[in-house]
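Enquirer: sequence and predicted model, in that order:
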Amino acid sequence: MKKSFRLVGLDCANCAAKMERAIAKLPGVEKVTVSFMTTKMTIEAADDKMDEIVKEATAIVNKYEPDVEVKRA
Amino acid sequence: MSSQKKQLIRILAAAVFFIAGFVTNRFSQTAAWIVFLVSLLIGGADVFISAVRNIFKGQVFDENFLMSIAAVGAFIIGECPEGAAVMLFYQVGELFQDYAVDKSRKSVSELMDIRPDFANVKHGEKIEKSDPYDVQVGDIIVIKPGERVPLDAVIVSGSTALDTSSLTGESLPAEKGAGDEILSGSINLSGLIEAKVTKEFGQSTVSKILDLVENAADNKARSESFITRFARYYTPAVVVAALLLAFIPPIFTGFADFSKWVYRALAFLVTSCPCALVISVPISFFGGIGASSKNGVLIKGSNHLEDLAKAKTVVFDKTGTLTKGVFKVSRIVPNNCSESELLETAAYAESNSTHPISVSVTKAYGKEIDKRRITDCEEKAGHGVTVTLDGKKCAAGNLKLMRSLGVRADESVSGTAVHVSRDGDYLGYIVIEDEIKPDAKSAIEKLKALGIKKTVMLTGDSKTIAEKVAKQIGIDEFHAELLPADKVEITEKIIKAEKKNEKLVFIGDGINDAPVLALSDIGIAMGGVGSDAAIEASDIVIMTDEPSKLSTAMRISEKTLRIVRENIYFALFVKFAVLLLVAFGILHMWAAVFADVGVSVIAILNAMRILGYKE
């Protein structure tokens, strides 16, 4: 399953790279991209683990940029 | 109030205190110290807060933290104006950078802003404005001049000129009338039209394009991964270098000038942020993808844009790519009669047939067919047609037909030909050819000029036809009489023969060649809005049916990569120059900050140059 999110207020290119790296390490994540230019995060993961992963990914995003709002796209 | 505005007001306030600090300094140094501190606190409040918050979250080497250390450190060693200046300039730079990034995000999304806002749906005599998502297949929509076509549809009444430039990059308007297909995303320029919806919004051209472009950023280029990997090591390395700079030289001088070295070390910290480097690459690719969609070429990822510049071999599918895929009469060779007599006889004989070849003959004849002149029409599958025209027995078809009728036809003709006979006499033949696209030859020439080493054409047609086309447009190599499976095999062979770092482009119209599209280093589908399978299997979609768009895309790719390289080298050069100048005490801390953020802004502006690219 593939889900996309908009990271509203993402304004640090290096943070986007850090987020991507950290989320990729979560167990169950098949592929993740955080695009600084389109402010979009796409996560691919198994259906049953998706909710858990999204929760953890949101926490990671806010760890690097606390002001970013993660929205379903 | 927008956050950028708030930030600007904060910076202005900090700047006022900063200037006040210098004035106060004339009367009392302690008072000045306090005024500078106020400037620092106002200017850097958010930086300090983020720094503290991030430490608790376990992030060392965070940019906010390093910037705070630098500013506070400057205060501690008594360089109060410097400390306040560092923060002030850092914030000014960040503001500029935010603004530039916003601007570039906007200009690219405006470029791709083809999403229609509404559809005028006709219910009986009433017209209702609806969300395109709610419109059903079969609904009648009304499109007024100036409006965007909301869904793919077929015109039922009215005629107009359509601006399809946002889909195809073609600036000439297309004339459309009843029965013509119209694509969502194009703009109605002149007349009011009513059209029947053929696809739901989610399946419409506009949705497909938006999807494709939106997802392009997910396929990152290698140079982007390189630079983010570099950034991972860059910050810790600079921090370690700063520590060494603070403590190693003073050991030799007995710590007499310790504060001088600490100052230089702190200046190192302010250049440790890798943002300028990290931002410069994706923003360039983003611009390149935007520029190509403006020119009617959709690129499904930065990696493909990067690969395109390394293309050395281009393999073309013939029919539909280099040729129009439509048959046309190319030569009329009469035998003991006039050209017009031959064409007329052939046209009358073929007038009842719907075979593409027959259609092309009647089209070339161009005059109305008087059906009363013909009787006893008979079509023989795989041979041709026999008919009685003005009381004479006529036949039009291939050599087999002529032989079966005992007519001595010219057996030396190559390619597809219609032979004609009347009452057993041979009247001559008409050669039918798939027309070569007008830009096919120039497309090949342009590719050669761009450094393509080899062009190859694959086709299922006969060798004679293939050879002729290849010669006419200047293709290096061709393979004819191929089955779809053979195309895969040949492409595999060519890929194997390639050198490392050289890429193979395959370009086809997407019919029957999805496996080859998927197999090639870069698969390009042409005129691709129609075929889902082709869009799915390809890396790049050319929206028009012009093969010359490939060279447009290649030039954009080269230009993008040049900007990427410029940005990387420029950012690295400035970073190292600043570090060097700081280490020798030539550059002040505030100047270092300015140089650092200035690089990001310049890199962004440089990347935006590509957006103006136009053929």
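Expert: Sure, I can see it.
Enquirer: closest approach to chain A from the stretch 401-550 of chain B, which residue is it?
Expert: Nearest residue of the stretch 401-550 of chain B to chain A (Cβ to the nearest Cβ) works out as residue B:536 at 14.7 Å. Using the backbone N, CA and C atoms, a C-beta is placed for each residue, glycine as well.
Enquirer: okay, and residue B:469 sits in which element?
Expert: helix B:463-473 (DSSP states H and E).
Enquirer: tell me the residues on chain A that lie near chain B, please.
Expert: Counting by Cβ under 8 Å from any Cβ of the partner chain, chain A comes close to chain B at A:9, A:11-14, A:17, A:21, A:33, A:35-40, A:42, A:63-64, A:66.
Enquirer: next step: those residues restricted to strands.
Expert: A:33, A:35, A:40, A:42 (DSSP state E).
Enquirer: on the strand side of things, show who the third one bridges to.
Expert: Legend: beta-bridge partners of residue A:40 under DSSP bridges are residue A:6, residue A:35.
Enquirer: roughly how far does the nearest residue to residue B:561 once chain neighbours are set aside sit from residue B:282?
Expert: Leaving out its chain neighbours, the residue that sits closest to residue B:561 by Cβ to Cβ, 6 or more residues apart in numbering or on different chains is residue B:309, at 4.9 Å. Between residue B:309 and residue B:282 the distance is 17 Å, computed by Cβ to Cβ, to the nearest Å.
Enquirer: how about the residues of chain B by chain A?
Expert: B:3, B:50, B:53-54, B:57, B:59, B:63, B:98, B:101, B:104-105, B:108, B:214-215, B:217-218, B:220, B:228, B:231, B:273-275, B:278-279, B:282-283, B:286.
Enquirer: rerun at 6 Å
Expert: Contact residues, chain B versus chain A (Cβ under 6 Å from any Cβ of the partner chain): B:57, B:98, B:217, B:218, B:228, B:231, B:274, B:275, B:278, B:279, B:282, B:286.
Enquirer: now the phi/psi pair for the second one, please.
Expert: Meaning residue B:98. phi -60, psi -40 (degrees, to the nearest 10).
Enquirer: buried stuff in the longest helix anywhere in chain A?
Expert: For chain A, the helix that runs over the most residues, judged by DSSP state H, is helix A:50-64. For helix A:50-64, burial by neighbour count (16 or more other Cβ atoms under 10 Å in any protein chain shown) applies to A:50, A:53, A:54, A:56, A:57, A:58, A:60, A:61, A:63, A:64.
Enquirer: got the contact list for residue B:440?
Expert: When contacts are counted by Cβ atoms under 6 Å, 6 or more residues apart in numbering or on different chains, residue B:440 is found next to B:322, B:473, B:547.
Enquirer: ok, it to residue B:164 distance?
Expert: 21 Å.
Enquirer: so where is the stretch 401-550 of chain B shaky, pLDDT-wise?
Expert: Judged by pLDDT under 70, the stretch 401-550 of chain B has its weakly predicted residues at B:510-511, B:528-532.
Enquirer: strands along that one, start to end?
Expert: B:416-422, B:425-436, B:454-458, B:477-479, B:503-508, B:522-526, B:540-542 (DSSP state E, counting those that start in this stretch).
Enquirer: so can I have a markdown table of these showing mean neighbour count?
Expert: Shown next, in a markdown table, are the strands of the stretch 401-550 of chain B (neighbours: other Cβ atoms under 10 Å in any protein chain shown):
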| stretch | mean neighbour count |
| --- | --- |
| strand B:416-422 | 25 |
| strand B:425-436 | 21 |
| strand B:454-458 | 22 |
| strand B:477-479 | 19 |
| strand B:503-508 | 26 |
| strand B:522-526 | 27 |
| strand B:540-542 | 27 |
